[in-house]
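Asks: following is a predicted model, sequence given first.
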Amino acid sequence: MAKLKVGVIGAGAISRDHCHGVSRHPDAEVVAIADIHAKRRKTVKKEYGIAKDYDSIKAILADDEIDGVCIALPNYLHAPTAIAAFEAGKHVLLEKPFAMNITEAKAVAAAAKKAGKVLMVGMNQRYPANAQTIRQVVKRGDIGNVYHARAYWRRRAGAPKFGTWFGDKRQAGGGCLLDIGVHLLDLCLFTMDNFQPVSASGAVYTKFGNRGLGEGGWGHSDRKPGKPVFTVDDCASALIKFKNGATVDLTVSWVLHQETPNEMDVELFGTEGGASVDPARIYRDGKGKGEYEVVQPQGIEIDRPHGSRQHDWVDGVLKRRKPMCTVEQSLTVQKILDAIYKSSATGKDVRIR
């Protein structure tokens, strides 16, 4: 069979993950890269042996050879680019976050449905073996009913390069909550197997980035001239409640005073035991009186042993199986993020519908 022809839109740091992931699939290949930055796109083109490069979104979407695109652009370009791709008859793998807000996300979902094309938001934290293992552990009831969870990704000094689009709310939509919070929130809901939130109460903070503190220096985006703009959150905290009474405690930061440079995990608390994702562990009562055990799950069959979001998307486009990240789940995650920001702005608990 002919290989699926894929174009990558955006030649920033994350573009290499998409090029690598698509190229690993035996039935797909990257045939084009697009970016307004000539040096960046030429570098990626050469590195991955890509045949064509374009200097605009319009140009790559006009290429009839391309079946689908991976969109790796600043957040404010996610929705308009995805919609344009569907109108051009392309399938879409969209980098997180889904969009700037739920209104944009719904518009993208509607465009995908109208075009009859596959849309997947590439939530990569679901795909490692440890995450899939804990999902299966929960699914088969090993820890009972999961009634509470903690999801956190706390960096001590890990803000993106100052002076880029990441710090500008007009282009990013938000800060650490949209950048890394979306990962841990999605991973938590995925491992819990619970996408039925009813409310969120939260707060976001801007305490360091606006003072020029905590830069981690990651990202390939160019710094804009003049004084760096930092109008997004560098810390966020929320409590999310679910239809079945379960709760999630979410905390994320780009910059935060803490002992360790980086802490990241999802911890689940069930009626028969607890679990952590990184590392994959189960915590439960032992067989003897007063005994307690920590168990590393063994022999768990996972759904996506390839561990790749791009592989999963390609399989979805080729109609081999539905992507593990569904559009409905991604819309739910976006609703929660919106509710947290609204709660922070209003000081009130926000209902999610």
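Replies: Arrived safely.
Asks: name the SS class of residue 283, please.
Replies: Here residue 283 is recorded as strand under DSSP: H, G, I helix; E, B strand; the rest coil.
Asks: which element is residue 85 on?
Replies: Residue 85 belongs to helix 78-87 when assigned by DSSP states H and E.
Asks: what's in contact with the helix of greatest length in the chain?
Replies: Using DSSP state H, we find that the single longest helix of the chain is helix 327-346. The set of residues external to helix 327-346 that reach it, using C-beta atoms under 8 Å, 6 or more residues apart in numbering, is 97-99, 101-102, 105-106, 109, 112, 119-121, 123, 174, 177-178, 181-182, 185-186, 189-190, 195-197, 199-204, 236, 238, 240, 250, 349-353. Placement of C-beta: from N, CA and C, glycine included.
Asks: relative to residue 182, how far out is residue 85?
Replies: The spacing between residue 85 and residue 182, counted by C-beta to C-beta, to the nearest Å, is 21 Å.
Asks: more neighbours, those two?
Replies: Comparing residue 85 with residue 182 by other C-beta atoms under 10 Å, the one with more neighbours is residue 85, at 28 against 24.
Asks: from the contacts of helix 327-346, which land in strands?
Replies: Among the contacts of helix 327-346, the ones falling in strands (DSSP state E) are 119-121, 197, 199-204, 236, 238, 240, 250, 350-351.
Asks: of these, buried ones?
Replies: 119-121, 197, 199-202, 204, 236, 238, 240, 250, 350 (16 or more other C-beta atoms under 10 Å).
Asks: now pLDDT and distance to residue 57 too, for those residues, in CSV please.
Replies: Formatted as CSV, these follow (pLDDT from 0 to 100; distance: C-beta to C-beta, whole Å):
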residue, pLDDT, distance to residue 57
119, 98, 17
120, 98, 19
121, 98, 18
197, 98, 33
199, 98, 37
200, 98, 33
201, 98, 38
202, 98, 34
204, 98, 30
236, 98, 30
238, 98, 34
240, 98, 35
250, 98, 33
350, 98, 34
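Asks: a markdown table for those residues, including distance to residue 147?
Replies: Shown next, in a markdown table, are those (distance: C-beta to C-beta, whole Å):
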| residue | distance to residue 147 |
| --- | --- |
| 119 | 32 |
| 120 | 30 |
| 121 | 27 |
| 197 | 14 |
| 199 | 16 |
| 200 | 17 |
| 201 | 18 |
| 202 | 20 |
| 204 | 26 |
| 236 | 23 |
| 238 | 17 |
| 240 | 13 |
| 250 | 16 |
| 350 | 22 |
